[in-house]
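# structure for this input, please:
(one chain, ligands or ions: 1)
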Amino acid sequence: MKSISIKELSNYYDKEVTISGFVDNIRNLQWVQFVIIRDDTSKVQVTIEKSEESNKEMVELIESLPLESTVKITGKVVESPKVKLNGMEIIPSSIEVTSKSDEELPFNFKDLNNVNLDTRLDYRFIDLRNDKNMLIFKIQSDITKYMREFLYEKEFTEIHTPKLIGTASESGSEVFEVKYFDDKAYLAQSPQFYKQMAMASGFNKIFEVAPVFRAENSNTSRHATEFTSFDVEMSYIDSSQDVMDLEAELIAYTFDKISKKYKDKIKEVFNMDIVVPKLPFPRLSLSDIYKELEERYNYKVDESEKTDLTTEAEKLCYKLSKDKFNHEFLFVTDYPADKRAFYHMRDENGLLLGYDLIWRGVEITSGAQREHRYEEVVKNAESKGLKDDVKFYLEFFKYGCPPHGGFGIGLDRLTMLLLGVPSVKESQFLFRGPNRLNP
Ligand code: AMO
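The predicted model follows:
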């Protein structure tokens, strides 16, 4: 008999079913054994009466079975209001042990309060057995599902670009070099060049959800050396405003869906409130932000630092956006172009036609209108000392390429902020950082 998931059991009262899962708990009493089985949808109690002669073998098996072993159980589902766990139980007719666990686990994953994060990450497969940790990835999965759903409805095409590349796209210093036969290659820091290639190929709207790699030696709560980037690009835009509008709509749609499905659960488990953001999202220029931060909160920084948001200014943007706009998100625009990537379009004053999106004090996105005019993009590349390396990229703009723009959202950061977990180490399925390549 094929196993059904535990969550579905209430559709099978008085029927014989088979379930599979981990042995979550055993209470071995004088007359009865209560065995709790867990799969990734729910838990259920299996009740074994010791007095029943036909249960003898199962009783013996359970007596010596270590917790966290996996089993396949066939039995009858019975509605039992007196059972606290979902008001039902299974009366088994057979139990098969499919894998026996060691008696002693590396740590108690049901109470992680005193377990060091490194130990948890060393045994991430055990750590993820924790209900709360598993929930993070159920929700993350739905975040990408709803984001995809929104884009598919708008007729975006999902593409898959190479992660082994010949040229660094974001900036030379943050790239991992790998041996490539007798030559060298790099791991893609973003699909930037290839999403733009799609525009030059005539795709109007594309997106990609994929890993990107950054050789950043930073040990902060929001940096990883490999993370999942949700990248979007579209053609025939009039300005970067169109890009911001689309991103705001995408986030609002996704949060609405997540809120409908998980609002109460997120409150109960993570003590976080989901606020479905209103459209449009507020926008402020970098220089206006520094003015407001000084006026409102007496936050002062040296002029030389005002070419980008400082970490502290990023944090204060959350407060500013809430105080000024009653909104959690803030688009920050008008960065000086010389500090940013060469592929963005600039205006005549040297300001970038792009933005960062700040949410809850952290940058979750960069986006922009791209420079699609061949002569201009060649000039921008040369000003950054790039030429032969990006020759293949510059050619994209030589044979007709529509005006276009797009953005990249860091999925790990988005998940971290949504659920209020302390670090991307916990919102990544398996964290990769300067000091962590295993498991
Ligand atoms: P950017 O470099 O700003 O832009 O990256 C986009 C988003 O990715 C996330 N992010 C990170 N997350 C975890 N660890 C890191 N080390 C890390 N670095 C960045 C952030 C960030 O906002 N090509 C452009 C996007 C575009 O213009 O389309 C790009 O890569 O959430």
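
# I'd like the average pLDDT over stretch 344-356.
For stretch 344-356, the mean per-residue pLDDT is 93.

# how about Asp231, what does it touch?
Contact analysis of Asp231 by CB atoms under 8 Å, 6 or more residues apart in numbering lists Ser190, Pro191, Gln192, Lys195, Phe207, Glu208, Val209, Ala210, Gly406, Phe407, Gly408, Ile409. The way it works is simple: take the backbone N, C-alpha and C, and place the C-beta from them, glycine included.

# so the closest residue to the second one other than its chain neighbours, which of the three states?
Spelled out, that is Pro191. The shortest distance from Pro191 to any residue other than its chain neighbours is 4.3 Å, reached at Thr161 (CB to CB, 6 or more residues apart in numbering). Counting by DSSP: H, G, I helix; E, B strand; the rest coil, the backbone at Thr161 sits in coil.

# buried sites along the lengthiest helix in the chain?
Secondary structure of the chain per DSSP state H: the longest helix is helix 240-270. Buried positions in helix 240-270, judged by neighbour count with 16 or more other CB atoms under 10 Å: 240-244, 246-248, 250-255, 257-258, 262, 266, 270.

# is any residue of it near the ligand?
No - judged by CB under 6 Å from any ligand atom, helix 240-270 and the ligand are separated, with a smallest distance of 8.7 Å.

# quick one: list the elements packing against that helix.
helix 131-153, strand 226-235, strand 329-333, strand 354-359, strand 362-369, strand 404-410, helix 411-419 (3 or more CB pairs under 8 Å, 6 or more residues apart in numbering; DSSP states H and E).

# pLDDT averaged over the next helix or strand after it - what is it?
Of the helices and strands lying after helix 240-270 in sequence (DSSP states H and E), the nearest is strand 283-285. Taken as a whole, strand 283-285 has a mean pLDDT of 98.

# name the surrounding residues that touch strand 283-285.
So strand 283-285 is contacted by Met244, Glu292, Leu320, Leu330, Phe331, Val332, Thr333, Asp334, Tyr355 (CB under 8 Å, 6+ apart).

# residue contacts, the third one?
Think Leu320. So Leu320 contacts Leu284, Ile289, Glu292, Leu293, Arg296, Tyr297, Leu330 (CB under 8 Å, 6+ apart).

# and the angle for the longest helix of the chain with strand 354-359?
Here helix 240-270 points in a direction 20 degrees away from that of strand 354-359 (axes from the mean of the first three to the mean of the last three CA atoms, to 10 degrees).

# report the angle between helix 240-270 and helix 411-419.
50 degrees.

# pull the distance from helix 240-270 to the chain's centre.
Offset of helix 240-270 from its chain centre (CA atoms, centre = their mean, to the nearest Å): 13 Å.

# now stretch 119-127
19 Å.

# give me the buried positions along it.
Buried, per 16+ other CB under 10 Å, within stretch 119-127: Arg120, Leu121, Asp122, Tyr123, Arg124, Ile126, Asp127.

# same deal with stretch 383-403?
Quick answer for stretch 383-403 (16+ other CB under 10 Å): Leu386, Val390, Tyr393, Leu394, Phe396, Phe397, Cys401, Pro403.
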